[in-house]
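Peer 1: With the sequence up front, the predicted model follows.
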Amino acid sequence: MFTDQLDSFIARYAEVTELMSDPDVINDNQRFRAISKEEADLRPKVETFSHYKEVIQGIEDTEELLAESSDDEMTELAKEELKELKAERDSLEEEIKRLMIPSDPNDDKNIIMEIRGAAGGDEAQLFAGDLYEMYSRYATSQGWRVEVVESSSNDIGGFKEITLQIQGDNVYSKLKFESGAHRVQRVPDTESQGRVHTSTATVGVMPELEDIDFDLDDGDIRIDIYRASGAGGQHVNKTSSAVRLTHEPTGIQVAMQDQRSQQQNKDKAMMILRSRVYEKIASEQQNEYDSQRKNLVGTGDRSERIRTYNYPQNRVTDHRIGLTIQKLDRIMTGELDEIVDALLLADQANKLEELND
């Protein structure tokens, strides 16, 4: 069933391991990193496939023994061993199917997360602040590092928008399904009659990309330099340190003035611009794919309503997979594992179904 794939993976794994000891590869950081990543991806496949091949050989040997045996005791032992080997074969075949699911090349990357208050005025912006706190606490529980890249707050403790850089192990793999519209239902502090209001905030999750991952043509980027304003120290009024980058083919703009130097602002702006342009291109490709196949957890488009947070009933519902959890209070403190794990399992099950088709 998997012989061709097995031989192909084993052959490539042998090439990759040999390349990792090649001095030319070792001295080329970019190539060595790519080869190392491929080796790490191939290793569990090769180990599982190799064990599967041993089990298949064991089944063939045992069946041959059964055909030739005239000893009753030996026959019973062989039948029991054959039963165990076939059960192991079936288990390995399911594991191999999971390993054959194409991995997301961005899963091990850091992310840029953008949270914006949407429909609902001040209450939406307060909810954006709550989401920021929720993700920050979850990140801390995972041992990740969170840095606020830029933010625009209101007068009551919320955010019109806030952009985060979250760094750590497999950040994108765990948070990539958070993109979309998040709806909150609760009684605002300013509501005198106790009525429940509905507001929304949007979340965008983008992999943090480097030049080697996704390169932008310098000729497509317009750079404007201007004087920073607002907080940041007196130097902002004396030097032209703020930077605005415009990717002309898409019209995407990023302005940055929070860093202390023009170069720092340019570097941060370029990091965000690269991620936003990549997100736009990837989203268009995903939409084209989804027009042909069903994607259980959606496209990641910010206009897509993905989750409702109902405060009166202490309930969170993820609409994509029909998951309802009656512990909103704990989720808002960063206990997101149950939701994250359920989304990952649903995505894996969907891809397995496509693979079987």
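Peer 2: Perfect, I can see it now.
Peer 1: just checking, what packs against whichever strand or helix holds V316?
Peer 2: Element membership for V316 (DSSP states H and E) is strand 315-318. For strand 315-318, the packing partners by 3 or more CB pairs under 8 Å, 6 or more residues apart in numbering; DSSP states H and E come out as strand 305-310, strand 323-325, helix 328-331, helix 337-356. Quick note: C-beta positions are derived from backbone N, CA and C, even for glycine.
Peer 1: Just name the most buried of these.
Peer 2: Burial of the helices and strands packed on strand 315-318 is given as mean neighbour count (mean count of other CB atoms under 10 Å); strand 305-310 ranks first at a mean of 20.
Peer 1: tell me which element T333 falls in.
Peer 2: Per DSSP H and E, there is no helix or strand for T333.
Peer 1: if we can go back for a sec, neighbouring strands of the strand holding V316 in the sheet, and parallel or not?
Peer 2: In the sheet, strand 315-318 lines up against strand 305-310 (antiparallel), strand 323-325 (antiparallel) (DSSP bridges).
Peer 1: so which of these comes closest to A128?
Peer 2: strand 305-310 (12.2 Å; CB to CB).
Peer 1: any idea of the mean pLDDT in that closest one?
Peer 2: Averaging pLDDT along strand 305-310 yields 94.
Peer 1: Over to stretch 241-252?
Peer 2: On average, stretch 241-252 scores 82.
Peer 1: quick one: low-confidence ranges for the protein?
Peer 2: Scanning the chain for pLDDT under 70 picks out 1-6, 190-192, 210-215, 228-240, 284-303, 355-357.
Peer 1: And the helices in it, which stretches?
Peer 2: Secondary structure of the chain (DSSP state H): helices located at 3-19, 23-26, 29-68, 72-99, 121-141, 171-175, 262-290, 328-331, 337-356.
Peer 1: and the second one, what other elements does it pack with?
Peer 2: Using 3+ CB pairs under 8 Å, 6+ apart as the contact criterion, the neighbours of helix 23-26 among helices and strands are helix 29-68.
Peer 1: and the helix it packs on, how far out from the chain's middle?
Peer 2: 28 Å (CA atoms, centre = their mean, to the nearest Å).
Peer 1: What number of residues are in the vicinity of T198?
Peer 2: 14 (other CB atoms under 10 Å).
Peer 1: Tabulate the strands paired with strand 315-318 (a markdown table), appending distance to R12.
Peer 2: Shown next, in a markdown table, are the strands paired with strand 315-318 (distance: least, CB to CB, whole Å):
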| stretch | distance to R12 |
| --- | --- |
| strand 305-310 | 37 |
| strand 323-325 | 38 |
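Peer 1: Let me know which of the helices of the chain is tucked in deepest.
Peer 2: helix 171-175 (a mean of 22).
Peer 1: What lies in contact with it?
Peer 2: 104, 106-111, 113, 135, 139, 142, 144, 166, 205, 207, 340, 344 (CB atoms under 8 Å, 6 or more residues apart in numbering).
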